[in-house]
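Chemist: Okay, structure incoming, though there's no sequence with it:
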């Protein structure tokens, strides 16, 4: 087993870094640990648990930021290892965990394609449902702030520890991710913009993002995200302005523009992302849709010439 240690961020707040960063808050009064997300799978969870034991503590609770496999894949290990562990999540996350097929429906459930991207896994039971609103959550006398962060995934939350460390989940991506990836995954573009503004207005000691780790300065990173969102939105509108487009033709152009491989998983992701942008553009009256001869096509409204 590869040995990794917890990295201190501030006070009793730590991270465990692999491909996805896991948050750890250690309650020194009883040497219990609250995890923020659980790791992508059983092997990662084992390494997290080993790092906890190196510090002389045990996992007492897990707060899930959202329902993606990278965040909840280690749950079964922790529930088997710690029988009384509490698992906190929003009702959105609980539903996506219990009905994994919902994730493919989020992408439009593309026949043949969606089947290849679905996963089958045991249902992990959530012990505590977190109401989806900004609020405080007390775990063994430690007070955490729950921050709603829509955009990337339905029902996503961020967590601010008592040490003022803000674990942002996938509301933000780190610099390395942005260097490789210019088309970011959002299911709610308007929500993503609002979450970015909420994050930049907060004033914690430090930020932690799932794909990127610790960030002390967040303003330029948030600006990069806004620029990438604006660029994708402008690209899609410019396509539709040239001539009416079907959903599939827009997905094709987006995959080509962002150099996505011609693989089922990338098509499903692009399809989901394009749908999210079309929803925002429609809601802001920049595009409209009509059905001609059984074909749905999107048109740009005259006011969309300047975004």
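Modeler: Great, that's in hand. The model shown is predicted, which means the values in this text are computed figures rather than measured ones. Numbering: from 1, shown residues only.

Chemist: which residues touch residue 19?
Modeler: If you count contacts by CB atoms under 8 Å, 6 or more residues apart in numbering, residue 19 has them with 40, 70, 211. C-beta: built from backbone N, CA, C; applies to glycine.

Chemist: where in the stretch 101-250 of the chain is pLDDT low?
Modeler: For the stretch 101-250 of the chain, the stretches flagged by pLDDT under 70 are 101-109, 112, 114-124.

Chemist: which stretches of it form helices?
Modeler: Under the criterion DSSP state H, counting those that start in this stretch, the stretch 101-250 of the chain contains helices at 101-106, 113-117, 175-180, 189-201, 219-242, 247-257.

Chemist: circling back to that earlier point, redo the contacts of residue 19 as a markdown table? Include neighbour count and distance to residue 86.
Modeler: Shown next, in a markdown table, are these (neighbours: other CB atoms under 10 Å; distance: CB to CB, whole Å):
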| residue | neighbour count | distance to residue 86 |
| --- | --- | --- |
| 40 | 19 | 21 |
| 70 | 20 | 21 |
| 211 | 17 | 26 |
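
Chemist: Go through these and flag which are in strands.
Modeler: Using DSSP state E, no member of these falls in strands.

Chemist: Just give me the closest of these to residue 56.
Modeler: residue 40 (25.4 Å; CB to CB).

Chemist: Grab the most central residue of this structure for me.
Modeler: residue 170 (3.5 Å; CA atoms, centre = their mean).

Chemist: Make sure that one is actually in contact with residue 208.
Modeler: No. Residue 170 lies out of contact with residue 208 (CB atoms under 8 Å); the separation is 11.6 Å.

Chemist: From residue 208, how far off is residue 17?
Modeler: Using CB to CB, to the nearest Å, residue 17 is found at 10 Å from residue 208.

Chemist: higher neighbour count, these two?
Modeler: Higher neighbour count among residue 17 and residue 208: residue 208, with 28 against 16, using other CB atoms under 10 Å.

Chemist: beta partners of the more buried one?
Modeler: residue 167, residue 214 (DSSP bridges).

Chemist: From what I see, it and residue 14 are in contact.
Modeler: No. Residue 208 is beyond contact range of residue 14, at 9.6 Å (criterion: CB under 8 Å).

Chemist: shared neighbours, those two?
Modeler: In contact with both residue 208 and residue 14: residue 23, using CB under 8 Å, 6+ apart.

Chemist: how close does residue 81 get to residue 219?
Modeler: 40 Å.

Chemist: neighbour count winner among those two?
Modeler: More crowded of residue 81 and residue 219, by other CB under 10 Å: residue 81, with 13 against 9.

Chemist: Skipping its backbone neighbours, what lies nearest the more buried one in space?
Modeler: Leaving out its chain neighbours, the residue that sits closest to residue 81 by CB to CB, 6 or more residues apart in numbering is residue 49, at 6.5 Å.

Chemist: Double-check that that neighbour belongs to a strand.
Modeler: No. Assignment of residue 49 by DSSP: H, G, I helix; E, B strand; the rest coil gives helix, placing it outside any strand.

Chemist: Please name the residues that touch it.
Modeler: Residue 49 touches 59, 77, 78, 81, counting by CB under 8 Å, 6+ apart.

Chemist: quick check, nearest of these to residue 267?
Modeler: For the contacts of residue 49, the nearest to residue 267 is residue 77 (31.9 Å; CB to CB).

Chemist: tally of neighbours for the closest one?
Modeler: Counted with other CB under 10 Å, residue 77 comes out at 20.

Chemist: contacting residues for the residue nearest to the centre of the chain?
Modeler: 65, 66, 68, 152, 153, 156, 185, 209, 210, 211.

Chemist: Could you identify which of those residues has the most neighbours?
Modeler: Counting by other CB under 10 Å, top hit in the contacts of residue 170: residue 156 with 30 neighbours.

Chemist: Please name the nearest non-neighbouring residue to that one.
Modeler: residue 66 (3.9 Å).

Chemist: swap in residue 22?
Modeler: In space, residue 22 is closest to residue 16, 4.4 Å off (CB to CB, 6+ apart).

Chemist: name the element that neighbour belongs to?
Modeler: Here residue 16 sits within strand 13-17, counting by DSSP states H and E.

Chemist: elements contacting that strand?
Modeler: strand 7-10, strand 21-27, helix 42-54, strand 213-215 (3 or more CB pairs under 8 Å, 6 or more residues apart in numbering; DSSP states H and E).

Chemist: Just give the strands next to that strand in its sheet, each with its orientation.
Modeler: Here, using DSSP bridges, strand 13-17 pairs with strand 7-10 (antiparallel), strand 21-27 (antiparallel).
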